[in-house]
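Participant: Here is my input, please return the structure:
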Amino acid sequence: MATVEKSKTEYTAVEMTDGRSVQFAGKRKVNKETLIDTSKVVVDGNTMQLETGAVSIRMDFRNGETRTIALPLSLLAQFAGHGAEQKFGDELATTADKPLSEDDMVLAIDDLNALIQSGKWGAGRATGGGGVSGASIVVQAICEATGKDLATVKAYLQKKLDSDPALTRRALYDSFRVATTKTGAIIKRMEEAKLAKTAKVDADAELVNV
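Facilitator: Numbers count the residues shown, from 1 in each chain. Model (predicted):
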């Protein structure tokens with residue numbers, strides 16, 4: 001069987017009206033980025049002082065036009081809240097074939113919040129960030145196999161990820177799903193029990209009607 005190579009993304013260099021050369025990936029029409037002028041930001045303990053222009057966004061268009069928009073201080077809290085909604089919401093985005101359960105969603109948000117509260121932005125989705133389908137049942141299985149509580153297991157998993165930048169959350173969780181492992185057997189039992197509860201018909205009884 002012939003292997004199909006994934007096509008490489010082509011980039012187009014565009015000279016902007018302010019003299020910068022900006023790379024546009026594929027058919028992308030606009031690039032967006034956040035600009036922070038640290039000279040206009042003063043943090044003193046739990047207090048932050050900002051000057052106008054401390055936070056801006058820059059939008060570069062494929063036609064060479066560029067716009068830098070300073071966020072007004074009076075709306076900064078609103079912008080921060082909106083951005084947080086987007087950030088945490090993105091953590092729940094997944095493909096249709098690997099949907100997140102409500103438990104998976106809660107776990108994904110808790111994991112991201114732990115990173116945010118520690119001062120880290122969190123892993124980008126391209127590098128393994130985002131919710132993992134079936135993550136909650138993996139965590140439950142580890143709790144059962146080790147006898148450790150949820151907080152301890154979650155702390156272990158995060159420490160494992162932090163120690164190996166090449167390890168994605170999905171790859172880590174999939175390791176505990178291997179059928180020959182203790183957790184793999186627990187996960188299989190849990191998933192079969194869950195399936196039995198949601199079954200709409202008695203499969204054995206229906207066999208006589210086939």
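Participant: In contact with the residue nearest the centre of the chain, which residues?
Facilitator: Most central in the chain under CA atoms, centre = their mean is Gly130, positioned 2.2 Å from the mean C-alpha point. Gly130 sits next to 90-94, 108, 169 when contact means CB atoms under 8 Å, 6 or more residues apart in numbering. Bear in mind the C-beta positions are built from the backbone N, C-alpha and C, glycine included.
Participant: Now, of those residues, which are buried?
Facilitator: The neighbour-count test (16 or more other CB atoms under 10 Å) marks 91, 94, 108, 169 as buried among the contacts of Gly130.
Participant: The last one and Val41, how far apart?
Facilitator: Distance, Arg169 to Val41, using CB to CB, to the nearest Å: 32 Å.
Participant: What number of residues are in the vicinity of Val106?
Facilitator: Using other CB atoms under 10 Å, Val106 has 15 other residues around it.
Participant: My read is that it contacts Val139, right?
Facilitator: No: at 10.7 Å, Val106 does not count as touching Val139 under the criterion of CB atoms under 8 Å.
Participant: Domain-wise, how is this protein divided?
Facilitator: Domain assignment for the chain by automatic domain parsing gives 9-71, 82-210.
Participant: And the lowest-mean-pLDDT helix or strand in the chain, how far out from the chain middle?
Facilitator: The helix or strand with the lowest mean pLDDT-type score in the chain, counting by mean pLDDT, DSSP states H and E, is helix 203-206 (a mean of 84). Taking CA atoms, centre = their mean, to the nearest Å, one finds the center of helix 203-206 at 41 Å from the center of the full chain.
Participant: Stretch 57-64 now?
Facilitator: 26 Å.
Participant: now what about it, what contacts it?
Facilitator: With CB under 8 Å, 6+ apart as the test, stretch 57-64 has contacts from 12, 14-17, 20, 22, 24, 28-35, 66-69, 71.
Participant: again, 10 Å this time
Facilitator: 12, 14-18, 20, 22-24, 27-35, 65-71, 79 (CB atoms under 10 Å, 6 or more residues apart in numbering).
Participant: Return the subset of these lying in helices.
Facilitator: Among those, the ones falling in helices (DSSP state H) are Phe79.
Participant: I'd like to know which of the contacts of stretch 57-64 are part of strands.
Facilitator: With strands taken from DSSP state E, the overlap with the contacts of stretch 57-64 comprises 12, 14-15, 22-24, 30-35, 66-70.
Participant: Any of the residues you listed buried? List them.
Facilitator: 14, 22, 24, 31, 66.
Participant: wait, what's in contact with the second one?
Facilitator: In this case it means Val22. 11-16, 31, 33, 58, 60-62, 64, 66.
Participant: so, if you compare these, which one comes nearest to Thr146?
Facilitator: Thr146 has its nearest neighbour among those in Glu33, at 43.1 Å by CB to CB.
Participant: quick one: the closest one from Met59, how far?
Facilitator: Counting by CB to CB, the gap from Glu33 to Met59 is 8 Å.
Participant: returning to that earlier point: which one of the domains of the chain has the lowest average pLDDT?
Facilitator: The weakest mean pLDDT among those belongs to domain 82-210, with a mean of 88.
Participant: what's the span of that domain from first residue to last?
Facilitator: 54 Å (CA to CA, to the nearest Å).
Participant: ditto for stretch 156-169
Facilitator: 12 Å.
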